[in-house]
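Engineer: Fold the following, please.
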Amino acid sequence: MSATEQVGTDAVLEFFIRYLETERRLSPQTVRAYAHDVVQLQVWMESRGIRHWDGVTPAGLRDFLGDLWARGLSRRSVNRLLSALRTFYRFLNREGWATRNPLEKISSLKQEKRIPNFLDVEEVFRLMAAPDDGTPLGLRDRALLEWLYATGVRVGETVGLTVGDVDLAGGAALIRGKGGKERYVVFGRAARGALERYLSEGWPRLRGSPPEPRAPLFLNYRGESLSDRSVRRIVDRCMARAAAQRKISPHVLRHTFATHLLDAGADLRVVQELLGHASLRSTQIYTHTTQERLLQIYLQAHPRA
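Structural biologist: From the prediction side, this is the model:
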């Protein structure tokens with residue numbers, strides 16, 4: 001009898017969950033997802049009469065994945081499950097509850113490339129006109145939207161900005177991105193004008209004092225820093241006012257920023273730097289969007305297309 005059979009598959013799963021919680025310190029949500037993936041394999045094993053984890057072969061694992069694929073599981077979900085099972089089998093091997101790893105020769109599925117969603121220029125103009133700039137919150141909303149479109153900065157980076165990070169006269173700002181990396185972004189006259197009016201008229205009324213360099217740039221109605229969720233609500237509300245027929249996330253403004261720059265002939269590496277992408281590959285996805293648009297325009301305009 002193997003060590004796994006002596007302990008039992010249910011008990012092994014309990015030990016694995018404890019390992020994820022205490023040693024790996026994963027979030028409760030991630031632990032639940034990993035446990036769910038292992039249970040799926042466990043149920044499949046029982047249906048095949050496999051009584052211990054060492055009984056799962058690479059060929060059997062492919063059958064298991066084929067069953068999930070037939071049930072409509074996405075590539076992303078299959079890859080997440082494979083990641084969970086790899087972690088699980090490394091844990092089994094470490095504890096001596098399995099002598100082999102059936103995932104060693106199983107590769108993750110190639111992810112489908114998603115073409116980013118973005119706004120056209122007319123939609124951008126309607127969105128920018130949506131806030132009521134006769135109120136402090138409306139001034140903030142207009143400045144926020146202009147900022148997101150002008151710079152392509154992430155929402156998390158935006159809500160972390162201070163007043164002192166932004167050089168209005170120079171049209172530039174210091175951004176603290178992922179992994180503590182810093183970069184500079186630039187913005188034009190529309191964003192500068194909206195920020196200047198917000199800081200002179202809206203910000204003091206929300207905060208109850210003049211702008212201070214170390215204070216948050218974008219404030220909520222209590223005069224405190226905006227949250228990521230608040231930014232999403234603002235974008236949703238302004239899209240509804242713009243009579244748009246679809247909902248967008250703030251990240252779509254980042255996609256729009258990159259797409260419009262590339263459409264206008266901007267260098268890909270410049271866009272990479274502005275977006276804060278570590279790899280050029282992350283930026284190249286926007287070239288697929290511009291190529292599709294060029295083809296569409298060509299087919300519509302060329303007499304012999």
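Engineer: export stretch 219-230 as CSV, just CAs?
Structural biologist: The C-alpha atoms that make up stretch 219-230 are tabulated as CSV, following Å, rounded to 0.1, in the frame of the first residue of the first chain:
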residue,chain,number,x,y,z
LEU,A,219,-10.2,63.4,-4.3
ASN,A,220,-13.5,61.8,-3.4
TYR,A,221,-16.4,63.9,-2.0
ARG,A,222,-14.9,63.6,1.5
GLY,A,223,-11.6,65.2,0.4
GLU,A,224,-9.8,61.8,0.5
SER,A,225,-8.0,59.8,-2.1
LEU,A,226,-10.2,58.2,-4.8
SER,A,227,-10.3,54.4,-4.8
ASP,A,228,-9.9,52.1,-7.9
ARG,A,229,-13.6,51.2,-7.5
SER,A,230,-14.6,54.9,-7.4
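Engineer: Could you check that stretch and say which residues are buried?
Structural biologist: 219, 223, 225, 226, 230 (16 or more other CB atoms under 10 Å). Placement of C-beta: from N, CA and C, glycine included.
Engineer: ditto for stretch 207-221
Structural biologist: Within stretch 207-221, the residues scored as buried using 16+ other CB under 10 Å are 207, 211, 215, 216, 217, 218, 219.
Engineer: isn't the fourth one right up against residue 165?
Structural biologist: No: if you go by CB atoms under 8 Å, residue 216 and residue 165 don't touch, sitting 10.0 Å apart.
Engineer: still on that earlier bit, let's have the buried residues of stretch 207-221 in TSV, adding distance to residue 157, pLDDT and secondary structure.
Structural biologist: Formatted as TSV, the entries for the buried residues of stretch 207-221 read as follows, by distance: CB to CB, whole Å; pLDDT from 0 to 100; DSSP: H, G, I helix; E, B strand; the rest coil:
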residue	distance to residue 157	pLDDT	secondary structure
207	21	96	helix
211	19	96	coil
215	17	97	coil
216	13	97	strand
217	11	98	coil
218	11	98	coil
219	17	97	strand
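Engineer: The helix or strand where residue 79 lies - contacts with which helices or strands?
Structural biologist: With the criterion set as DSSP states H and E, the secondary-structure element containing residue 79 is helix 75-95. Where contact means 3 or more CB pairs under 8 Å, 6 or more residues apart in numbering; DSSP states H and E, helix 75-95 is packed against helix 9-22, helix 28-47, helix 58-70.
Engineer: With respect to residue 153, which of these lies nearest?
Structural biologist: Go through these one by one with CB to CB and the one that ends up closest to residue 153 is helix 28-47, at 27.2 Å.
Engineer: List the neighbours of that closest one that are in contact with it.
Structural biologist: Among residues not part of helix 28-47, those counted as contacts by CB atoms under 8 Å, 6 or more residues apart in numbering are 9, 13, 16-17, 20-21, 26, 51, 53, 55-56, 64, 67-68, 80-81, 84-85, 87-88.
Engineer: Same check on stretch 206-220?
Structural biologist: For stretch 206-220, the surrounding residues in contact (CB under 8 Å, 6+ apart) are 136-137, 140, 143-144, 158-159, 161-166, 199, 203-204, 221, 223-227, 230-231.
Engineer: The same query, at a cut-off of 6 Å, please.
Structural biologist: For stretch 206-220, the surrounding residues in contact (CB atoms under 6 Å, 6 or more residues apart in numbering) are 136, 144, 161-164, 199, 203-204, 223, 225-226, 230.
Engineer: so which of the residues you listed comes closest to residue 300?
Structural biologist: Within those, the smallest distance to residue 300 is 35.0 Å, found for residue 144 (CB to CB).
Engineer: Quick check: chain neighbours aside, which residue is closest to the closest one?
Structural biologist: Spatial nearest neighbour of residue 144, chain neighbours left out: residue 218 (5.7 Å); criterion: CB to CB, 6 or more residues apart in numbering.
Engineer: Residue 191: what's it in contact with?
Structural biologist: By CB under 6 Å, 6+ apart, the contact list for residue 191 reads 146, 147, 150.
Engineer: Can you check the residues you listed and name whichever has the most neighbours?
Structural biologist: The residue in those with the most neighbours, by other CB atoms under 10 Å, is residue 147 (26 neighbours).
Engineer: what helix or strand is residue 251 on?
Structural biologist: Following DSSP H and E, the helix or strand that holds residue 251 is helix 250-263.
Engineer: orientation of the helix holding residue 79 relative to helix 58-70 in degrees?
Structural biologist: Comparing the axes of helix 75-95 and helix 58-70 via axes from the mean of the first three to the mean of the last three CA atoms, to 10 degrees yields an angle of 150 degrees.
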